[in-house]
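Undergrad: generate a structure from the sequence data that follows.
(one chain, ligands or ions: 2)
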Amino acid sequence: MPVRGGEPQRYVQWRKLSGANAALAPPHLKCDGAKDKSLCNKNINITNKNMINTRFSAIGHATSLLAQFALSGCSQSEVINNISKSMSLLGPSFSLNSIVCILAISVGMLPGVQILETLYRMLTCMSFIANYVVIMSFYPACLSLVLDVRDENGMSFWGDRSQITVIYNDHKTYPITQRAKVIMSVGVMIVHAQRKENIQFAFKLETCSLHFSRWALSGMETEADNMLGIQVSKFIVFNETEKNNHLSVHSSIMHWMASGADHIVILILLLSMIVWFWFFGDRDDLAHTLAQVNKKQSTNTSVHSVRHVLETQKNFKHTHSQTGYRKASVYTSNKMVQTENVDGDNNVEIRPFDECLDIYKTQKSADKLNDDEVLMLVKSNHIKPYMLEKCVNNPERGVGLRRKIIAAESNLMEALIQLPYIGYDYSKVLGTNCENVIGYVAVPVGVAGPLLVDDVFYQVPMATTEGCLVASTNRGCRALTMCGGVITRVVDDGMTRGPVVRFSSVTTASKAKMWMDNPEKFKIIKLAFDSTSRFARLTKLLVRIAGRHLFIRFTASTGDAMGMNMLSKGTEKSLQVIEGYFPDMEVLSLSGNFCSDKKPAAVNWIEGRGKYVVSEAIVPSKIVTEVLKTTVGALVDVNISKNFIGSAIAGSIGGNNAHAANVVTAVYIATGQDPAQNVASSNCMTLMEAFGEDLYVSCTMPSVEVGTVGGGTSLPGQSACLEMLGVRGANSQTPGANAKQLARILCATVLAGELSLMSALTAGHLVKSHMIHNRSAPSIQNLESEPCKSTR
Ligand SMILES: CC(C)(COP(=O)([O-])OP(=O)([O-])OC[C@H]1O[C@@H](n2cnc3c(N)ncnc32)[C@H](O)[C@@H]1OP(=O)([O-])[O-])[C@@H](O)C(=O)NCCC(=O)NCCSC(=O)C[C@@](C)(O)CC(=O)[O-]
Ligand SMILES: NC(=O)C1=CN([C@@H]2O[C@H](COP(=O)(O)OP(=O)(O)OC[C@H]3O[C@@H](n4cnc5c(N)ncnc54)[C@H](OP(=O)(O)O)[C@@H]3O)[C@@H](O)[C@H]2O)C=CC1
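TA: Ligands and ions are numbered 1, 2, ... in the order given. A predicted model of the protein is given here:
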């Protein structure tokens with residue numbers, strides 16, 4: 001969707017919208033004024049047809065503005081909101097225009113010319129219908145309907161933004177319209193003046209005959225004989241005198257006054273009509289107002305995005321016309337994409353290579369060099385591409401420069417333009433979360449809740465692209481909250497690291513194992529481990545022997561952190577101490593897969609890893625029936641068949657559930673957890689039993705690997721999601737309490753998800769619900785028509 005503000009005004013044109021086209025865009029909208037211009041060649045009666053055309057041209061203009069403003073929204077709801085907003089903006093201005101028009105039309109009727117009167121009556125009606133019935137009621141209703149309407153596949157026309165293109169229109173008044181207005185005004189004036197002259201002439205005749213009869217009668221009184229000739233000549237002299245009197249200014253005004261107030265009103269109205277047409281009729285108030293609002297909206301969405309998307313569009317065309325790589329006549333861009341041009345700045349002077357290198361070396365920084373100069377130093381291997389942020393002393397600029405390098409070297413310009421990067425706080429990322437950064441990917445965050453967990457209400461953020469997941473979890477939350485909430489407990493807590501070490505023989509390996517199993521020797525190891533952190537505390541060692549190999553599973557509590565870095569650090573230190581007792585011990589790998597991190601493994605299911613959590617609820621049969629649309633008996637039956645017999649048949653370990661991984665991963669992404677740890681964290685056993693007439697349901701999750709400090713938890717969006725749950729950062733009173741609370745909320749949310757999906761499967765609603773929530777996006781339909789743009 002194009003971003004407006006600062007650019008010439010545009011019309012929005014719909015392509016391909018076969019049915020919707022007519023309703024949305026009036027012909028005028030598509031032909032850019034050509035229709036009006038073509039009218040020049042036709043011999044048309046200016047006082048009627050041009051007036052009608054002027055009226056319809058204004059209607060077309062207003063409707064196009066409405067469509068344009070509506071489509072400037074970046075979501076379905078924003079589009080509909082824009083329509084109502086524009087109606088509130090256009091209302092007063094339309095009313096004013098209508099009043100002026102109706103006044104003008106009334107003036108046209110005053111001369112009393114029969115044809116004009118009929119014509120103007122028609123125009124008054126049309127004006128009213130056009131303004132109030134069509135533009136203010138019918139058109140917005142149609143527009144909303146068309147933009148909201150879905151085809152047989154549930155696709156909304158609006159959703160297919162690729163079908164919207166932009167054409168430019170300078171919005172200058174069409175000359176024919178201007179001329180028509182002027183000629184029409186003058187025409188009405190002349191007709192009226194002519195009419196007025198006639199009235200004056202009749203008035204004079206009437207006056208003359210009055211005087212003549214008066215004079216004739218007086219003549220007859222004085223003269224007996226009929227000296228008509230003399231009398232007539234006297235009458236002419238008399239009349240001349242009268243005429244001269246009438247010509248005086250005073251008598252003229254008096255005459256106008258005497259002729260009736262309507263003439264003064266007519267004159268004022270005619271003059272104001274001309275002034276209005278001349279000076280204000282062409283002022284594009286509507287366009288101006290809408291453009292202002294639109295600009296404000298865009299600015300609010302993101303000041304950065306507006307500027308950069310405009311630049312992106314411009315440079316995209318420029319770049320592609322230069323390379324001839326792929327021609328796109330009109331390029332549509334999403335205003336949410338915070339990106340820029342990947343072209344070099346052609347206007348900046350590039351200093352000689354030696355001078356640039358000298359500046360870089362003496363200042364130990366490249367921040368005084370322009371982009372092209374920095375790129376020159378990267379090309380000559382004086383600056384490493386992954387060091388750019390540090391070298392230019394500006395994370396965002398560094399990311400931008402790297403994009404330019406990647407785009408140029410790998411011909412990924414088109415892909416990178418669509419990957420946002422502006423406006424992100426990279427200072428929080430660098431050295432903590434990601435390297436070689438070229439941008440970020442936004443994931444929608446939904447909310448499930450309120451969910452009552454241990455007597456506290458929570459709104460649970462879930463970042464996902466699987467439509468239906470949040471809806472489903474939300475339904476589960478509703479059922480659980482209605483029944484009094486979920487009870488949760490953390491029964492164990494310990495992150496693990498399991499290195500593999502090798503000895504010279506099974507003899508020394510077994511000797512070492514026995515040494516480590518001794519509680520006194522454990523204290524030596526613990527001392528070393530605990531020395532590495534203020535919060536990590538070694539709690540257990542599990543040692544397994546395989547020939548001359550030993551696998552040592554270190555378990556430690558890690559406060560509010562998930563703890564993998566802490567475990568690795570403590571384990572490394574401990575191994576150094578053990579090596580002192582067993583010099584022939586060879587550390588093969590700090591991680592020997594006995595941990596076991598980010599891989600399916602029974603050890604986590606059996607021994608636990610991270611937080612060991614359980615949750616339970618009793619759901620009354622009424623809620624099962626009304627909210628979940630199934631029965632207790634059916635749920636219990638399907639749970640055994642699917643989650644126990646089915647999982648056994650599949651050879652599953654830790655998979656006695658329907659979709660714990662769905663909820664775990666969505667909450668993990670939202671709250672900055674390590675998403676790869678969804679593997680063990682999703683281990684879950686969902687139990688359902690009949691509890692009298694009601695349903696007893698529980699979830700057991702032995703390996704929830706979560707933290708509220710470290711990793712991605714301090715990034716802006718992620719920490720906001722933790723804040724929503726009241727568990728952001730470290731718990732100052734009881735270190736570890738926040739992470740445990742997060743694990744409890746997660747386990748309760750998994751219970752909600754399990755309850756809802758199991759109900760949908762039991763009731764046979766899975767496919768139906770996913771067709772509604774998970775497959776209505778136009779992108780799915782357009783997969784074939786939108787092939788990958790990469791040239792690889
Ligand atoms: C989609 C529903 C919830 C409809 O369910 P429904 O009962 O038809 O919906 P409803 O309109 O009667 O509303 C009931 C409640 O659901 C919630 N709800 C309803 N709609 C929304 C919405 N749009 N946004 C937010 N919340 C929503 C909301 O709480 C609502 O209460 P209300 O507030 O109206 O009183 C249901 O059919 C459902 O849960 N379907 C299952 C979908 C699911 O769980 N998908 C997960 C992914 S499946 C997968 O990937 C794993 C799998 C399947 O392969 C694993 C395996 O092998 O088993
Ligand atoms: N190294 C590895 O093997 C692996 C690393 N990871 C990654 O590790 C990262 C997470 O490591 P993790 O150890 O959890 O986090 P960090 O590495 O960020 O360590 C946590 C830091 O927070 C400090 N801290 C302050 N307050 C507290 C508190 N209340 N509780 C706990 N720590 C506190 C700790 O202090 P102090 O210094 O005193 O301990 C420590 O410095 C993630 O990015 C993850 O992806 C993932 C898998 C494996």
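
Undergrad: separation between the residue in the stretch 601-750 of the chain positioned nearest to ligand 2 and ligand 1?
TA: Per Cβ to the nearest ligand atom, the residue of the stretch 601-750 of the chain with the smallest distance to ligand 2 is Gly710, at 2.5 Å. Using the backbone N, CA and C atoms, a C-beta is placed for each residue, glycine as well. Counting by Cβ to the nearest ligand atom, to the nearest Å, the gap from Gly710 to ligand 1 is 29 Å.

Undergrad: which phi and psi values does that residue adopt?
TA: With angles defined as degrees, to the nearest 10, Gly710 shows backbone torsions of phi 80, psi 170.

Undergrad: can you pull the contacts of it?
TA: By Cβ atoms under 8 Å, 6 or more residues apart in numbering, the residues touching Gly710 are Ala561, Met562, Gly563, Asn565.

Undergrad: for those residues, work out which two are farthest apart.
TA: For these, the maximum inter-member distance is 8.7 Å, found between Met562 and Asn565 (Cβ to Cβ).

Undergrad: the residue nearest to Gly439 when sequence neighbours are not counted: neighbouring residues, count only.
TA: With Cβ to Cβ, 6 or more residues apart in numbering as the criterion, Gly439 has its nearest non-adjacent residue at 3.5 Å, and that residue is Tyr421. For Tyr421, the number of neighbouring residues by other Cβ atoms under 10 Å comes to 21.

Undergrad: which element, helix or strand, includes Ile545?
TA: In this assignment (DSSP states H and E), Ile545 forms part of strand 537-546.

Undergrad: helix or strand next in line after that strand, which one?
TA: Taking DSSP H and E, what comes next after strand 537-546 is strand 549-557.

Undergrad: tell me the helices and strands packed up against that following strand.
TA: strand 487-497, strand 500-502, helix 506-517, strand 537-546, helix 564-581 (3 or more Cβ pairs under 8 Å, 6 or more residues apart in numbering; DSSP states H and E).

Undergrad: so it, near ligand 2 or not?
TA: No - judged by Cβ under 6 Å from any ligand atom, strand 549-557 stays clear of ligand 2, getting no closer than 9.3 Å.

Undergrad: sheet partners, orientation included, of that strand?
TA: Applying DSSP bridges, strand 549-557 is found paired with strand 487-497 (antiparallel), strand 500-502 (antiparallel), strand 537-546 (antiparallel).

Undergrad: ok, Gly446 touching Val470?
TA: Yes - at 3.3 Å, Gly446 and Val470 qualify as touching, with contact defined as Cβ atoms under 8 Å.

Undergrad: more neighbours: the two, which one.
TA: In this comparison of Gly446 against Val470, neighbours counted by other Cβ under 10 Å, the higher total goes to Val470 at 25 against 17.

Undergrad: which element is that one on?
TA: Of the helices and strands defined by DSSP H and E, Val470 is found in helix 469-482.

Undergrad: what comes up buried for that helix?
TA: By neighbour count, with 16 or more other Cβ atoms under 10 Å as the criterion, the buried positions of helix 469-482 are Leu469, Val470, Ser472, Thr473, Asn474, Arg475, Gly476, Cys477, Arg478, Ala479, Leu480, Thr481.

Undergrad: and that helix with ligand 1, contact?
TA: Yes - for helix 469-482 and ligand 1, the contact criterion (Cβ under 6 Å from any ligand atom) is met by Leu469, Val470, Ala471, Ser472, Asn474, Arg475, Arg478.

Undergrad: need the helix or strand of the protein with the lowest average pLDDT.
TA: For the chain, scoring each helix and strand by mean pLDDT, DSSP states H and E identifies strand 10-14 as the least confident one, at a mean of 28.

Undergrad: count of neighbours near Ser95?
TA: Burial of Ser95, expressed as a neighbour count using other Cβ under 10 Å, amounts to 13.

Undergrad: CA atoms only for stretch 693-707 - export them in PDB, please.
TA: The C-alpha trace of stretch 693-707 is given here as PDB (Å, rounded to 0.1, in the frame of the first residue of the first chain):
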ATOM      1  CA  GLU A 693     -20.000 -35.900  36.000                       C
ATOM      2  CA  ASP A 694     -17.200 -33.500  35.500                       C
ATOM      3  CA  LEU A 695     -13.800 -33.600  33.800                       C
ATOM      4  CA  TYR A 696     -10.500 -33.800  35.600                       C
ATOM      5  CA  VAL A 697      -7.600 -32.700  33.400                       C
ATOM      6  CA  SER A 698      -3.900 -32.300  34.100                       C
ATOM      7  CA  CYS A 699      -0.700 -31.500  32.300                       C
ATOM      8  CA  THR A 700       2.700 -32.800  33.500                       C
ATOM      9  CA  MET A 701       5.800 -31.000  32.000                       C
ATOM     10  CA  PRO A 702       9.100 -32.300  33.400                       C
ATOM     11  CA  SER A 703      11.500 -30.200  31.300                       C
ATOM     12  CA  VAL A 704      10.400 -26.600  30.900                       C
ATOM     13  CA  GLU A 705      13.500 -24.500  30.100                       C
ATOM     14  CA  VAL A 706      12.600 -20.900  30.800                       C
ATOM     15  CA  GLY A 707      14.100 -17.800  32.200                       C
END
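
Undergrad: which parts of that stretch are buried?
TA: 694-707.

Undergrad: Tyr612 looks like it's in a strand, true?
TA: Yes - under the criterion used here (DSSP: H, G, I helix; E, B strand; the rest coil), Tyr612 sits inside a strand.

Undergrad: where does Thr339 land on pLDDT?
TA: With respect to pLDDT, Thr339 scores 77.

Undergrad: not counting sequence-adjacent ones, nearest residue to it?
TA: Nearest one to Thr339, counting by Cβ to Cβ, 6+ apart, is Pro420 at 5.2 Å.

Undergrad: over to Val577?
TA: By the measure of Cβ to Cβ, 6+ apart, the closest residue to Val577 outside its immediate chain neighbours is Ala528, 4.2 Å from it.

Undergrad: I'd assumed Gln576 was in contact with that neighbour.
TA: Yes - under the criterion of Cβ under 8 Å, Ala528 lies in contact with Gln576, with a separation of 7.3 Å.
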